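Got a predicted structure here, sequence first:
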Amino acid sequence: MPERTYTATVGSQTTELPVVQITPDLAIALLICVDHGIAFSERAGQELAELLAPAEPEVVVSVATMGIPLAIEVTRALGLDDYVILHKTPKIHLGDTYVEPVRSITTGRDQTLRMDPARAGSVRGRRVAVVDDVISTGGSLNAALNLLRRVGAEPVVVGAFLTEGEQWRATLGRDAGIVKVLGKIPLFRVAEDGLLSEDWGEGPASQ
């Protein structure tokens, strides 16, 4: 597939994203927020926080590692002083007390989402904003919401820089109604000749 980029609008900013083929017939525009600099994440975090603020969250939660800069910026913009990070990589301090299976479109394999038991008290009984850079299939986000609710947290709003396609709505069900985003991008279908077509629909059910 020839090299291609996609111009994405993220709130008041625009950025060129590389289009990366992940299966023989599917490609995605890849947003890696740590590659876009501090100013980009700071402004996007402030604009996303404005969308989340009416839900009155008390703590921000995101998923390592790409969600860490976003969690920091949104937490700061909301005037809060704490955030909690969920992990997909096993670490000795995480254990198996709070775990949830997950599959991401960018990894294509089964993983396990974990919360540090020492941080459970930071979300239990509190209003939580869950933030992520991109919502695609909704699998990672759904796992995070399930895990938080089992810990006793109350997810009241979800924020993301971008949504990708529309399959995430079916995955999240009623939780799709609490999602706030700064922009939308399509998935890309790859034809046999390598040409791409934008897919704004439900996306691949297998992912």
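Here it is on my side, so go on.

Not including adjacent chain positions, what is the nearest residue to residue 152?
The shortest distance from residue 152 to any non-neighbouring residue, by Cβ to Cβ, 6 or more residues apart in numbering, is to residue 124 (4.0 Å). In this view, the C-beta of every residue, glycine as well, is placed from N, C-alpha and C.

What's the local residue count around the one you found?
Using other Cβ atoms under 10 Å, residue 124 has 13 other residues around it.

ok, which stretches of the chain are helices?
Assigned by DSSP state H, the helices in the chain fall at 37-52, 67-77, 120-123, 139-151, 167-172.

Residue 181: which of those is closest?
Smallest distance to residue 181 across the helices of the chain (Cβ to Cβ): 7.9 Å, for helix 37-52.

tell me the centre residue of this structure?
Centroid-nearest residue in the chain: residue 132, 2.8 Å away (criterion: Cα atoms, centre = their mean).

and the residue lying closest to that residue once chain neighbours are set aside, how many neighbours does it have?
Counting by Cβ to Cβ, 6+ apart, residue 132 lies nearest to residue 160, which is 4.9 Å off, once chain neighbours are set aside. Counted by other Cβ under 10 Å, the residues lying close to residue 160 total 27.

can you check residue 5 too?
So residue 5, with other Cβ under 10 Å, has 12 neighbours.

Can you give the distance of the least confident helix or strand in the chain by mean pLDDT from its chain's centre?
Lowest on mean pLDDT, DSSP states H and E among the helices and strands of the chain sits strand 99-103, with a mean of 86. Distance of strand 99-103 from the chain centroid (Cα atoms, centre = their mean, to the nearest Å) equals 14 Å.

So in that sheet, which strands flank it, and in what orientation?
When sheet partners are counted by DSSP bridges, strand 99-103 sits next to strand 110-114 (antiparallel).

tell me which residues in the strand it pairs with are buried?
111, 113-114 (16 or more other Cβ atoms under 10 Å).

Quick one: mean pLDDT over that strand.
Across strand 110-114, the average pLDDT comes to 89.

For the residue lying closest to residue 45 once chain neighbours are set aside, give its distance to residue 6.
Sequence neighbours aside, residue 73 is the residue nearest to residue 45 in space, at 2.5 Å (criterion: Cβ to Cβ, 6+ apart). Taking Cβ to Cβ, to the nearest Å as the measure, residue 73 falls 23 Å from residue 6.

And residue 99, by the same measure?
For residue 99, the distance to residue 6 equals 35 Å [Cβ to Cβ].

just residue 36 next, same as before
14 Å.

One more: residue 28?
Using Cβ to Cβ, residue 28 is found at 9 Å from residue 6.

shared neighbours of these two, which are they?
19, 188 (Cβ atoms under 8 Å, 6 or more residues apart in numbering).
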